[in-house]
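Q: Mind folding the following:
(2 chains)
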There are 2 protein chains.
Amino acid sequence: MQLLQQKIINEGTVLSDHVLKVDAFLNHQIDPQLMVEVGKEFARRFQNDRITKVLTIESSGIAPGLMAALELGVPVIFARKRKSLTLVNDLLTASVHSFTKNETSDISVSQKFLEPTDNVLIIDDFLANGQAALGLANIVELAGAKTAGIGIVIEKSFQDGGLLLRDKGFKVESLARIQSLQGGKVTFVEDLEVVR
Amino acid sequence: MQLLQQKIINEGTVLSDHVLKVDAFLNHQIDPQLMVEVGKEFARRFQNDRITKVLTIESSGIAPGLMAALELGVPVIFARKRKSLTLVNDLLTASVHSFTKNETSDISVSQKFLEPTDNVLIIDDFLANGQAALGLANIVELAGAKTAGIGIVIEKSFQDGGLLLRDKGFKVESLARIQSLQGGKVTFVEDLEVVR
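A: Residues are numbered from 1 along each chain as shown, chains lettered A, B, ... in the order given. Okay, here's the model as predicted:
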C-alpha cells in the first residue's frame, strides 16, 4: 500500500535494526485519513471472505480495526489485556508471550460477542513474532468460530511471525512488509500484491 | 443524540445505580456506524472552536476520538496509561485518581505531538468524576496549549464531574446525559441542546 509506505518513510523513525517507531501516525498520534484508507484496503483484500466480525487488541489495533469493520459493515471487538486470569466465567482468554518484554500475559474477550457462526477477521497494527495474532486466533477457536483471515498494518518480515501464521494456514494480508531496518533505513519487501 | 440514547436503552445494561455497561457497542464491542455518527455530532458541536488536535485516552476513548478527528480533519492523540512515571524526558504526564478503583495512576503524551499553538478537543467515552478529563486538560496545559472543549459520549450527570469541569470554565458537550440509573432504568437529562 503506497500511501502507507510513503508515510512510514516520511514519518517513521528507525530506532534499531528491529524497532520502527510509528507513533506519529499509528500508535500514539493517529492520522484518521490514513486509517480510512487502511480500512478500505483491508476490506478490499478480505471482501470475498464473508467476514462477520473484526477482532483486534487494545490499544493500537483499535483504529485500524474500527476502520476495517466500518468498511466491511460489521462490528469490531477489541480484546482486553490482562495480567492474570480473572475469575469472571464469561471470558474467553488466551495467553500471549511477548519476546520483547519477556513476559506472558492474558488477553480476553467476552464470550457473548463471538458465536460459532462467526467468520472473524483479526486485525493488528504490527506483526513481529505473531504471538498476539495467535492469541486472538485461539480466542476465536475457543468460541467455536472461524478465523477467516489476519490483516496487519505493518509486518516486520525479517521476524518469524508471518511465516508462523502462514504455515498454520491463515490468510495473512499485510499492508506494508518490511524486509529490513538495517543501517537506519526502511527496506520494503517487493509488493507482490500489485502484480498478482 | 437520539441514536445514541436509543442504543443505550436497547443494548446497555444497568448493573447498579452507578454502573451502566455499554460493552455491546462502545467499550469492548464497538458499533462502527454509531461511531461515525458520534464523530459527526462532536464535529458539529465544536465546529466553530478552531480545533487543531483531538486528545483522548486509551482504550475506550480511541474510537470516538478517531471519528471526531476524522470529521474535524485533524490528528488524534491517545494518552497512554502508566502505573508510574517513566524516566523518558519527552513525556507530558498527569496523575489521574480513580474513585472506583481508589488508586492514582499516570497518563502520558509525547510532548512532540502538542504545541503551544494547539487548540485541543478532549474526547472520552464516559464522564463520571471528571478526573480523566482533568488529567488530559493538565497535559494540554503542560504543553502550553489550549483546551478548546471537552466532548463526552456518555455523561453520568448524577456524578459531579460535569459540574466540576463546567465550573472550571470548560465547554463540555455530552452526547447522552444520564440523570439516573435507579431501579435498573436509564433516565436521560432532558436534552436542552435540541431547543437551544
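
Q: only C-alpha atoms for contact and neighbour calcs from this point on.
A: Will do.

Q: can you list the residues of chain A near chain B?
A: Within chain A, the positions adjacent to chain B are A:24, A:28-33, A:58-59, A:62-63, A:66-67, A:69-70, A:73-80, A:113 by C-alpha under 8 Å from any C-alpha of the partner chain.

Q: buried residues in whichever helix in chain A runs longest?
A: Criterion DSSP state H: the longest helix present in chain A is helix A:32-45. Residues of helix A:32-45 classed as buried: A:32-43, A:45 (neighbour count, 16 or more other C-alpha atoms under 10 Å in any protein chain shown).

Q: One more: stretch A:101-121?
A: Those would be A:106-111, A:113-115, A:118-121, for stretch A:101-121 by 16+ other C-alpha under 10 Å.

Q: Can you list the neighbours in contact with it?
A: A:49-55, A:77-85, A:90-98, A:135-136, A:139-140, A:143-151, B:24, B:29 (C-alpha atoms under 8 Å, 6 or more residues apart in numbering or on different chains).

Q: ok now it, how far from the chain's centre?
A: Taking C-alpha atoms, centre = their mean, to the nearest Å, one finds the center of stretch A:101-121 at 13 Å from the center of the full chain.

Q: per-residue confidence averaged over that stretch?
A: Per-residue pLDDT over stretch A:101-121 has a mean of 94.

Q: cool, and stretch A:134-148?
A: The average pLDDT within stretch A:134-148 is 98.

Q: Name the residues of it that are buried.
A: Neighbour counts over stretch A:134-148 (16+ other C-alpha under 10 Å) mark A:134-140, A:142-143, A:145-148 as buried.

Q: who's the residue most central in space within chain A bridged to?
A: In chain A, the residue lying closest to the centroid (C-alpha atoms, centre = their mean) is residue A:124, at 1.7 Å. Bridge pairing for residue A:124 (DSSP bridges) gives the partners residue A:152.

Q: so what's it up against?
A: Residues counted as contacts of residue A:124 (C-alpha under 8 Å, 6+ apart) are A:56-57, A:60-61, A:64-65, A:133, A:151-153.

Q: rerun at 7 Å
A: Contact analysis of residue A:124 by C-alpha atoms under 7 Å, 6 or more residues apart in numbering or on different chains lists A:56-57, A:61, A:151-153.

Q: Next: residue A:143.
A: Counting by C-alpha under 7 Å, 6+ apart, residue A:143 has contacts A:111, A:114-116.

Q: so which two of these are the farthest from each other?
A: Largest separation among the contacts of residue A:143 by C-alpha to C-alpha: A:111 and A:116, giving 10.4 Å.

Q: separation between the closest residue to residue A:180 other than its chain neighbours and chain B?
A: Among residues not flanking residue A:180 along the chain, residue A:187 sits closest, at 5.2 Å (C-alpha to C-alpha, 6 or more residues apart in numbering or on different chains). Applying C-alpha to the nearest C-alpha, to the nearest Å, the value for residue A:187 to chain B is 26 Å.

Q: and the gap between residue A:187 and residue A:141?
A: Counting by C-alpha to C-alpha, to the nearest Å, the gap from residue A:187 to residue A:141 is 35 Å.

Q: Equivalent analysis for residue A:164, please.
A: The separation that residue A:164 has from residue A:141, given C-alpha to C-alpha, amounts to 17 Å.

Q: just residue A:190 next, same as before
A: Distance from residue A:190 to residue A:141, counting by C-alpha to C-alpha: 33 Å.
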